[in-house]
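> Got a predicted model here, sequence first, then my questions.
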Amino acid sequence: MRRASAPAFRKVGLRASSVVFAIAAMILLASPARAGCNPSDIFNATKQSVSGLSDCASACATGAGCAAAAAATGILTEIAASAGQGVVNSFCSQVQGNATQILGSLQSAGGSSIGQNLLDKFADALTAVGSPATVVQCACQTEQGVGSLGSDLGQCMEDVLCWLQGVLGDSCDCERPPPAIVSCPSIDVKKCLEDHDYSGVWNPACIPSAGIVNCNPNWQQCGYEGYSPSVAKLQTPEGTLAEALPATAEGTGCYGASYCFCPVPMNPTWHQVPNPGGDLPRFMFTCDCPYDPNDPDHQTHPGALMANGISSCLCNNTNQPANFGFAPFGMCPPAACPAGQTRLGLNGACVTPCSDPSQGMAFDGSCCSPAQMSSCGQCCPPSTVPDPKSGSCVPRPQQPK
């Protein structure tokens, strides 16, 4: 087929509408060709592929654990391709025990359908980690989510891109690979904000190394429609799905889409980065760990990169994984008190309990007789008494002479 010239393409692009190519087609509007291409289902499949935040955050408490989780995810993907997804699902439903027991479960689930080389690779991935069950649970959740996404979104994407190529006058003569997770690692927001000593134009602390790139931070098309890659997003109360989409015009190859999902409360952000020799600005998409300089409970920094393409987030006060789920004590509760001490309130100081069990402890950790404690939790000095009306301490009444 004859390739359209750029002027002819611009006319077709006007008829197709630039907003349509912003891949409202891909995720927001879904495919007009496939009845099962439902944007809600696609989002749920995508969310599932990165839903194991607690498991993956625990696995990624160390770099070795994160690397092992990523390696195990790749091996499970290979096993699904050679032995079937059912083998992986069966294995993942019973992950427990040490590395030897986990490997035995994998052999039982797959039998002779799993090659010895894959078993050896899986064993190697678990050898150097202290919590193999956590690593494998992270790998299972990631692989199972991506498997579902590859089926649903991959078919949807093929329909949409073929439909779009038809609108643009090109043929759909290639089978694109399923969407792939791409890295959207967090920058260290605190370091980026506080590093004022850097004298150059670009602060290295603010420059990410991410896989989704655009010429602007507004998700707008760069270059000719169909002849240039593009980006798209789906934003929901649960997070932001970011997509990097391939060119679709004839002669532009048969590349697949890539994506990352940034869950709440992480922050989807475009960061401008250097573009030496380029005519246009360059921005990278990241999923940044929460950081609020005015709220100690929301001060985190990036840990290791997880198998789902985003950074684990560690609390600045404890260097432990932040709690993004149900968190009655906050996202970053303070560290445990030393032995023999207790904490005042949720985030108060650690104090030693009163040695006299008949005394009560005030809010400042001091101990006194209950008769000397005000209704506001203050131990009144010896020369004062609690005032039930004001809740404070007032001078002790003088005894009549």
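That came through, no problem.

> all strands in the stretch 151-300 of the chain, in order from the N-terminus.
Per DSSP state E, counting those that start in this stretch, the stretch 151-300 of the chain carries strands over the ranges 180-181, 213-214, 230-236, 239-245, 258-263, 267-273, 282-288, 300-305.

> what secondary structure does the nearest residue to residue 318 once chain neighbours are set aside sit in?
Excluding the flanking residues, the one nearest residue 318 by CB to CB, 6 or more residues apart in numbering is residue 335, at 4.8 Å. Placement of C-beta: from N, CA and C, glycine included. When classified by DSSP: H, G, I helix; E, B strand; the rest coil, residue 335 comes out as coil.

> Looks like residue 335 contacts residue 319 (just checking).
No. Contact criterion CB atoms under 8 Å: residue 335 and residue 319 do not qualify, at 9.3 Å.

> circling back: and the strands of the stretch 151-300 of the chain as a markdown table, adding mean neighbour count and distance to residue 311?
Below are the strands of the stretch 151-300 of the chain laid out as a markdown table (neighbours: other CB atoms under 10 Å; distance: least, CB to CB, whole Å):
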| stretch | mean neighbour count | distance to residue 311 |
| --- | --- | --- |
| strand 180-181 | 20 | 13 |
| strand 213-214 | 19 | 18 |
| strand 230-236 | 19 | 19 |
| strand 239-245 | 24 | 14 |
| strand 258-263 | 24 | 10 |
| strand 267-273 | 17 | 12 |
| strand 282-288 | 24 | 7 |
| strand 300-305 | 22 | 4 |
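
> Make TSV from those strands and add mean pLDDT to it.
Formatted as TSV, the strands of the stretch 151-300 of the chain follow (pLDDT from 0 to 100):
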stretch	mean pLDDT
strand 180-181	80
strand 213-214	92
strand 230-236	81
strand 239-245	85
strand 258-263	86
strand 267-273	93
strand 282-288	94
strand 300-305	90
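
> Next, format those strands as TSV and append distance to residue 131.
Listed next are the strands of the stretch 151-300 of the chain as TSV, based on distance: least, CB to CB, whole Å:
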stretch	distance to residue 131
strand 180-181	23
strand 213-214	35
strand 230-236	32
strand 239-245	26
strand 258-263	22
strand 267-273	29
strand 282-288	24
strand 300-305	14
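
> Nearest to residue 294 among those strands would be which one?
Closest to residue 294 of the strands of the stretch 151-300 of the chain, according to CB to CB: strand 300-305, at 14.2 Å.

> tell me what the very next helix or strand once past that closest one is packed against?
Sequence-wise, the next helix or strand downstream of strand 300-305 (DSSP states H and E) is strand 311-315. For strand 311-315, the elements it packs on are helix 53-59, strand 300-305, judged by 3 or more CB pairs under 8 Å, 6 or more residues apart in numbering; DSSP states H and E.

> returning to that earlier point: state the number of residues packed around the residue nearest to residue 318.
13 (other CB atoms under 10 Å).

> start at 3 instead
Sounds good: first residue 3 from here, last item residue 337.

> how close does it sit to residue 223?
48 Å (CB to CB, to the nearest Å).

> cool, and residue 277?
Counting by CB to CB - residue 277 and residue 223 are separated by 18 Å.

> Settle it for me: which of those two has more neighbours?
residue 223 (21 against 13).

> any idea of the pLDDT on the more buried one?
Per-residue confidence at residue 223 stands at 85 (pLDDT).

> Quick check: closest non-adjacent residue to it.
Using CB to CB, 6+ apart, the closest residue to residue 223 is residue 232 (5.3 Å).

> all helices for the stretch 3-152 of the chain, in order.
Here the stretch 3-152 of the chain has its helices, by DSSP state H, counting those that start in this stretch, at 8-18, 20-21, 41-51, 55-61, 65-85, 87-94, 101-112, 118-129, 134-169.

> Could you give the average pLDDT over the first one?
Read it as helix 8-18. 30.

> go on, the fifth one?
For helix 65-85, mean pLDDT rounds to 74.

> Now it: buried residues?
Buried residues in helix 65-85, counting neighbours by 16 or more other CB atoms under 10 Å, are found at 67-82, 85.

> outside of stretch 372-379, which residues touch it?
361-362, 364-365, 381-382, 387-390, 393-395 (CB atoms under 8 Å, 6 or more residues apart in numbering).
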